[in-house]
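Visitor: sharing a sequence plus its predicted fold:
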Amino acid sequence: MQENTSTNKLPEPDYAALATAIKVWGKELGFQDVRIADAYADMSAVEAGLFKWLEQGYHGDMDYMAKHGTKRTRPAELEPGTQRIISVCMNYAPSSTKNSWDVINAGDRAFISRYALGRDYHKVLRARLQKLADKITTEVGPFNYRVFSDSAPVMEVAWAQKAGLGWRGKHTLLLSRQAGSMFFLGEMYTDLPLPIDNETGNYCGSCSRCIDICPTQAIIAPYQVDARRCISYLTIELKGSIPESLRPLIGNRIYGCDDCQLVCPWNKFAKITNENDFHVRNGLDDVSLIELFSWDQQTFETKLAGSAIRRIGHQQWLRNIAVGLGNAPYSDEIIRALQARLDDHSALVREHVQWALEQQNRKRTVTSK
């Protein structure tokens, strides 16, 4: 846990007033909501659910999910002295974006999850949380803290729910009656004994749209996802070969999947972001699969500098696009693009290119009859 080493310790603060001020400062820094959870809140059900999920192997190759034991649900084990969790959210839905369903339904276009169209959110949120910590230090003097944004063994959704930012939807994402689910989460672990906020209710009701729409049926039950079937896992977390049975179901989704959010009734309240960092870069909201498939390593790294997408690497990028091209309507241009990468240096890319060519050739046979 980071500590301000200044020796100018100020008098013991009024923690209720400080909590109110923190929420004001957070919103001034661009967070849409700021709430506070008790680091010692009862997380037994969450912990048991996590361990059962891991035992069933639903985390796939995400070994890091199993590495830290109870640190995810017991903050003081990760950062000794933690008493409170300041949980924040920041909207990411960019303005002037091509309609997601129009892109998904245009088989020759590339669909990229809308959270990844701009700058890497990890950097944005951590930088803002650090500014919030600096502001608190200025006000009260030295205190212990550590900031996170999907960057450590932290149960972000569970802690955000405890803090009252929203509730866990049946798709397992956090939902808010004011903002839907299209926002990022971040946390500050702190030793400040701030007053805590109340949890909200669950407002999913009998709705099952997210479960019904999932292309791969990865939401195997309400509030339970088998990551091994999830398109976000398959296109981002999975480093090896995508199972052949799932490839046709991916369609043209080359980085993540938003279907469960797009059909959620609560996302009619999703807010457009005011953050320039989250605005669309390189026209990635509506671009052809062929164009992206033509990017060499240098182009990939240059155009996606500062983007979360860059972290998957060029090889995985090509793997994903090859699947999209295989699923696209038949096209001579697609055939030529795939053939140009039949001798790619990566065996992973070659495998998926060969599969895509087989799909395209089947479609050519059908259309020629």
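Guide: Happy to help now that I have it. Residues are numbered from 1 along each chain as shown.

Visitor: report the buried residues of the lengthiest helix in the chain.
Guide: As assigned by DSSP state H, the longest helix anywhere in the chain is helix 347-368. By 16 or more other Cβ atoms under 10 Å, the buried positions in helix 347-368 come out as 348, 349, 350, 351, 352, 353, 355, 356, 357, 359, 360, 363. Glycine gets a C-beta too; all of them are placed from N, C-alpha and C.

Visitor: for residue 331, which non-adjacent residue is spatially closest?
Guide: In this structure, residue 331 finds its nearest non-sequential neighbour in residue 108, 6.8 Å apart by Cβ to Cβ, 6 or more residues apart in numbering.

Visitor: let me know the distance separating that neighbour from residue 356.
Guide: Distance of residue 108 to residue 356, computed by Cβ to Cβ, to the nearest Å: 13 Å.

Visitor: find residues that contact each of these two.
Guide: Common neighbours of residue 108 and residue 356, counting by Cβ atoms under 8 Å, 6 or more residues apart in numbering, are absent.

Visitor: pLDDT below threshold where in the protein?
Guide: Across the chain, the ranges flagged by pLDDT under 70 are 1-10, 367-369.

Visitor: in what helix or strand does the residue nearest to residue 352 when sequence neighbours are not counted lie?
Guide: Once flanking residues are discounted, residue 352 sits nearest to residue 322: 4.0 Å by Cβ to Cβ, 6+ apart. Element membership for residue 322 (DSSP states H and E) is helix 313-327.

Visitor: which helices and strands sit right next to that helix?
Guide: helix 247-250, strand 253-255, helix 289-293, helix 297-303, helix 332-339, helix 347-368 (3 or more Cβ pairs under 8 Å, 6 or more residues apart in numbering; DSSP states H and E).

Visitor: change it to 10 Å
Guide: strand 109-112, helix 247-250, strand 253-255, helix 289-293, helix 297-303, helix 332-339, helix 347-368 (3 or more Cβ pairs under 10 Å, 6 or more residues apart in numbering; DSSP states H and E).

Visitor: so which of these comes closest to residue 191?
Guide: strand 253-255 (38.2 Å; Cβ to Cβ).

Visitor: once you drop chain neighbours, what's closest to residue 76?
Guide: Nearest non-adjacent residue to residue 76 (Cβ to Cβ, 6+ apart): residue 82, at 5.0 Å.

Visitor: which secondary structure element contains that neighbour?
Guide: Here residue 82 is assigned to no helix or strand, by DSSP H and E.

Visitor: that one contacts residue 159, doesn't it?
Guide: No: with contact defined as Cβ atoms under 10 Å, residue 82 does not reach residue 159; the gap is 11.0 Å.

Visitor: pick out whichever of those two has more residues nearby.
Guide: residue 159 (28 against 22; other Cβ atoms under 10 Å).

Visitor: pretty sure the more buried one sits in a strand.
Guide: No: under DSSP: H, G, I helix; E, B strand; the rest coil, residue 159 sits outside any strand and is assigned helix.

Visitor: am I right that it is in contact with residue 41?
Guide: Yes: counting by Cβ under 10 Å, residue 159 does reach residue 41; the two are 8.4 Å apart.
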